[in-house]
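*Asks:* Could you look at this predicted model? Sequence included:
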Amino acid sequence: MSETTTAAEAAAPHRYTAAMAADIETRWQDFWEKQGTYEAPNPGAGELGGDPDMVAKPKKFFMDMFPYPSGSGLHVGHPLGYIATDVAARYQRMTGHNVLHTLGFDAFGLPAEQYAVQTGTHPRESTEANIVNMRSQLRRLGLGHDQRRSVATTDPEFYRWTQWIFLQIFDSWYDAEADRARPVAELVAEFESGRRPTPEGHASWAELTEVQRAELLGEYRLAYASDAPVNWCPGLGTVLANEEVTAEGRSERGNFPVFKAKLRQWNMRITAYADRLVNDLEGLDWPESIKLAQRNWIGRSEGAHVDFPVPRQSARPVESAGDAGGGPAGEATISVFTTRQDTLFGATYVVLAPEHELVADIVPDAWPEGTHQTWTGGHGSPRDAVAAYQAQAAAKSDVERQAEVKDKTGVFTGAYATNPVSGEQVPVFVADYVLMGYGTGAIMAVPAHDHRDFAFARAFELPMRCVVEPADGRGNDPADWDDAFVSYDARVVNSAGPRITIDGLGVTEAKAKVTEWLEAQGIGAGVVNYRLRDWLFSRQRYWGEPFPIVYDEQGVAHGLPESMLPLELPEVDDYSPRTFDPDDAATTPETPLSRNHDWVHVTLDLGRGDGPRAYRRETNTMPNWAGSCWYELRYLDPRNDEAPVDPTVERYWMGPREGIPHGGVDLYVGGQEHAVLHLLYARFWSKVLFDLGHTSSSEPFHKLYNQGMIQAFVYRDRRGIVVPAAEVEERDGQYFHRGEQVSRQLGKMGKSLKNAVTPDEIFADYGADTLRLYEMAMGPLDVSRPWDPRAVVGQHRLLQRLWRNVVDEATGEVRVADTEPDEDTLRALHKAIDGVRQDLSGLRFNTAVAKVTELNNHLTKQSVVPRGVVEQLVLLIAPLAPHIAEELWHRLGHETSLVYADFPVADPAYVVDESVTCVVQIKGKLKARLEVSPSITDADLEALALASPAVASAMEGMSVRKVIVRAPKLVNIVPS
RNA sequence: GCGGCCGUGAUGGAACAGGUAGACAUGCCGGGUUUAGGUCCCGGUGGGGUUGAUCCCCCGUGAGGGUUCGAAUCCCUCCGGCCGCACCA
């Protein structure tokens, strides 16, 4: 911008420019802050209670996915969703709602740690500095947030309650009969009274030692420590949840290899909620794609367990209850999971995962006579063959397994199991296409009707039997087939035996009959199986919530009493995670908190009546996701020091309501990347808190909206090196950087691609209102679209024209007239009101901007601007461009802010045109237009259309066969 | 491989429930204001044909086919792009 006053500026000293925008915007931002304009009152007399009239209004609770306070600042892509929710929230304020809208910070996480390692600053310091910086950047956008409610997950007063919720989860178990979580104390009471017997294999409650009791309860608790195999990522130095590992078996963050390792880690029993997490999706107003992603991730499938008896070779006693316990001595049982019980007669072999614990028990000393050459893997004994295969499978990474999907490998165990329906002896194989982590880790193979089994059977020359009649004419002999026949809509054949016959039944009937039979025989049962696993909840990090858990001398975990919360992060010498060679699977994690010996080893009185005792603290910290699992609740009641949220306040803002029995936030806007992470975890916590009676809402977010990404052009030179987008010049559709031609592609916006545009640049050139309008006008909120630096000016021009319609650029005087608007203008106004209302409530911001623009353009063409109309226009644009709207509102003589002014209401009489253009088509082709009254009858319109000269000439020599009339918009004439 | 979404001017995108395709904006073209520039103003702008000109005609929503009086919109096949899951029994 030029410093000297130009001639144009001298001619128009009161033009709306970037400088004037900056002045207006900061002035109103200060005003709003001072007035507490956006402070939404809670019901009741609490600290955030307020105006009862406001509380009595219908409420709206709008949220954005809160940001990580990064040190590198914002680019224009970041606030897209924040602007959208702000516009929606402002619209709701003007339509008589008590609107809660704020934004907090998800501030635990790796970047602060890494920054701390580089610079020596404490993560808390850099985090707080970043939050201050981000707050001021966001403030400059004019977002109407209730600042009193903005929380940071790193705040001890916040994570005190994260820890408290963890303890609630730790102290509860899932009662499958009641289908909800209950306090562990109630479970203990049931064990003590004998009302609930201890599970098979355990002594009675009274006979158990304290350690044994703790172990038993650990099998019930919703938060529990276990030694199950976890995802260990040496490159990051921490273990990870399944959701954080990519399909390629690498860490989502950093792309390091991930290995399975047996480590004692904390887990959350999210699997207990699998069914409810699937079922409750139905009532949510979420994008189908996200619901689908969650359904896929949970992976509910209905099927059955089926027992296949197999001779036991070793003399080992039966170790544990369950699958292996049923058979007579010398016999083991392979329990398989299948979703196709109906194909049981077609099961011609059985496969165990290489890690299956039964493998060792069933392998005989020598190959049975006549064993196929291909089955032995060239080994002299089954033991050698299986051991070699197991070693080979263990050494394979997930990536390698993926690569070999087409080529099935495996080896015969030497054992034969009995097919329970046919009594047939079927060979038992070990193969890595069966995964230990899904189902029972064992399958019955039905090669004729499963693609994978078919491929394996072909490779190993195993028999196939067709038991579902192919409907595609391929015949009933699998030997002639290229692939398995898989269908759920077919008839069962070849499935008659001495014990059960299902021939002729449809797949569904056959399934039901087989399941019933299995249950009656006690050799199987219908089960529902899930792909979802429990959520691995501990991390080897410094910058996270410490677990409020201590271990006594016997190693039993105890929750800290509420009075000891928050358990604050201790000072340590070194915050950095201990990382390792990314490929070295043999490493083990080290927790930064363990470096503070004095903090770890403490003497505490936990209030259990046993006085002060020595304890050792848990040194893992919680994953990043913990704080975001419940932060919506804290927005409601951020200063409550007796509970995470007051129940009355929670019910007011989030409780069940008309058509929304689950309750939850009214609108939640954020990116798609959290489909199976944050959004799943938060739903889980929400349900636990609901079950335990702490909240009235069993879903956190009723309506979810995914905003698209703002992309930007990426310019590369001939060597493919990215050049700064700001330095590229365009000439005749070609792009040049320092004289050299460069190529242009669309990509993410960001520093690494040298194409980031910061809000500050746009503020300097145009102002915040222009930025807001441009982001809203670019396209539908849920679609990704490129940032076009040249196009921003269009929205600035709109504001300039709006300004000019109210204010004389030369004098600064208000130039509107107190005249009555003409009919045309009234119709333009009321159509705009009607359209903008619909668009804003439907989150169609781009078309709302277009309608406001149209009305403004209409006024621009008028010689006099009627005050009544322009005032309504100012209100219409207020949610989108609140600063200029306030300024004009003020200049138009209003004393109070328009934030709570009534949004204009359309007069239906003016929403319809006085006359409408009727289209006359002949065979669907446009032939003529007629100006007609909107209330014209079909008959009148038909007569009018047929009488029109254009129709008469076009219909010359033809007769009318049929006329379709859709008064008042259309007549279509069909000639014969 | 399975599942889902999407292809409209030079560009971002409109078109609510099948009924005037291209609203609104950028860019571009022409004109104005200005010493000049544009973050100013006014007008034009899908392609082709025709006319002195208004008019008028034809074509047009990735390609092909279908349903319909009428299709960007519904159905089928194909092509292209994006996303999710992926040996899940």
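*Replies:* Yep, that arrived.
*Asks:* Report the contact partners of A:Lys291.
*Replies:* A:Leu281, A:Leu284 (CB atoms under 8 Å, 6 or more residues apart in numbering). C-beta coordinates here come from the backbone N, C-alpha and C atoms, glycine included.
*Asks:* and the stretch 201-350 of chain A, which residues reach RNA strand B?
*Replies:* Contact residues (CB under 7 Å from any atom of the strand) of the stretch 201-350 of chain A with RNA strand B: A:247, A:288-289, A:292-293, A:296-297, A:299, A:301, A:303, A:337-340.
*Asks:* In a helix, A:Glu931, correct?
*Replies:* No - counting by DSSP: H, G, I helix; E, B strand; the rest coil, A:Glu931 is not part of a helix but strand.
*Asks:* now the strands for the stretch 1-150 of chain A?
*Replies:* With DSSP state E, counting those that start in this stretch, the ranges of strands along the stretch 1-150 of chain A come out as A:59-64, A:98-101.
*Asks:* cool, the stretch 351-500 of chain A as well?
*Replies:* A:411-418, A:425-430, A:442-445.
*Asks:* quick one on the thing from earlier: out of the residues of the stretch 201-350 of chain A next to RNA strand B, which end up buried?
*Replies:* A:Ala293, A:Trp297, A:Gly303, A:Phe337, A:Thr338, A:Arg340 (16 or more other CB atoms under 10 Å).
*Asks:* May I have the secondary structure class of the fourth one?
*Replies:* So that's A:Phe337. Assigned by three-state DSSP, the conformation of A:Phe337 is strand.
*Asks:* so what's it up against?
*Replies:* Listed by CB under 8 Å, 6+ apart, the contact partners of A:Phe337 are A:Gly303, A:Ala304, A:His305, A:Tyr438, A:Gly439, A:Thr440, A:Ala442, A:Ile443, A:Val527, A:Asn529.
*Asks:* what's the most distant pair in these?
*Replies:* A:Ala304 and A:Tyr438 (15.0 Å; CB to CB).
*Asks:* of these two, who's got more company?
*Replies:* More crowded of A:Ala304 and A:Tyr438, by other CB atoms under 10 Å: A:Ala304, with 23 against 16.
*Asks:* now A:Val951: how far from RNA strand B?
*Replies:* Distance of A:Val951 to RNA strand B, given as CB to the nearest atom of the strand, to the nearest Å: 11 Å.
*Asks:* A:Ile165 contacts A:Tyr631, doesn't it?
*Replies:* No - A:Ile165 is beyond contact range of A:Tyr631, at 11.0 Å (criterion: CB atoms under 8 Å).
*Asks:* picking up where we left off before, columns pLDDT on top of the buried ones among the residues of the stretch 201-350 of chain A next to RNA strand B, output as TSV?
*Replies:* Shown next, in TSV, are these (pLDDT from 0 to 100):
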residue	pLDDT
A:Ala293	86
A:Trp297	88
A:Gly303	92
A:Phe337	94
A:Thr338	94
A:Arg340	93
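*Asks:* nearest to A:Val676, of the residues you listed?
*Replies:* Looking across these and measuring by CB to CB, the closest to A:Val676 is A:Trp297, at 4.3 Å.
*Asks:* Just confirm the closest one is within a helix.
*Replies:* Yes - judged by three-state DSSP, A:Trp297 forms part of a helix.
*Asks:* who's in contact with it?
*Replies:* Neighbour list for A:Trp297: A:Glu243, A:Arg531, A:Leu532, A:Ala675, A:Val676, A:Leu680 [criterion: CB under 8 Å, 6+ apart].
*Asks:* Now do the same for the last one: its pLDDT.
*Replies:* This means A:Leu680. You'll see A:Leu680 listed with a pLDDT of 93.
*Asks:* same deal with A:Pro368?
*Replies:* Model confidence at A:Pro368, given as pLDDT, is 93.
*Asks:* give the contact list for it.
*Replies:* By CB under 8 Å, 6+ apart, A:Pro368 lies in contact with A:Gly414, A:Tyr416.
*Asks:* switch the cut-off to 6 Å
*Replies:* Listed by CB atoms under 6 Å, 6 or more residues apart in numbering, the contact set of A:Pro368 is empty.
*Asks:* Report the two of the contacts of A:Trp297 separated the most.
*Replies:* Of all pairs drawn from the contacts of A:Trp297, the greatest distance, 14.8 Å, lies between A:Arg531 and A:Ala675 (CB to CB).
*Asks:* higher neighbour count, those two?
*Replies:* Applying other CB under 10 Å to A:Arg531 and A:Ala675 shows that A:Ala675 carries more neighbours, namely 22 against 16.
*Asks:* shouldn't the more buried one be in contact with A:Ala293?
*Replies:* Yes - between A:Ala675 and A:Ala293 a contact is recorded at 4.0 Å, counting by CB atoms under 6 Å.
*Asks:* If you tally nearby residues, what's the number for A:Leu692?
*Replies:* Neighbour count of A:Leu692, defined by other CB under 10 Å: 18.
*Asks:* Next one: it from A:Glu618, what distance?
*Replies:* Using CB to CB, to the nearest Å, A:Leu692 is found at 22 Å from A:Glu618.
*Asks:* Next: A:Arg160.
*Replies:* For A:Arg160, the distance to A:Glu618 - CB to CB - is 16 Å.
*Asks:* who's more crowded, these two?
*Replies:* A:Glu618 (22 against 19).
*Asks:* Enumerate every residue touching the more buried one.
*Replies:* Counted by CB under 6 Å, 6+ apart, A:Glu618 has contacts A:Phe547, A:Ile549.
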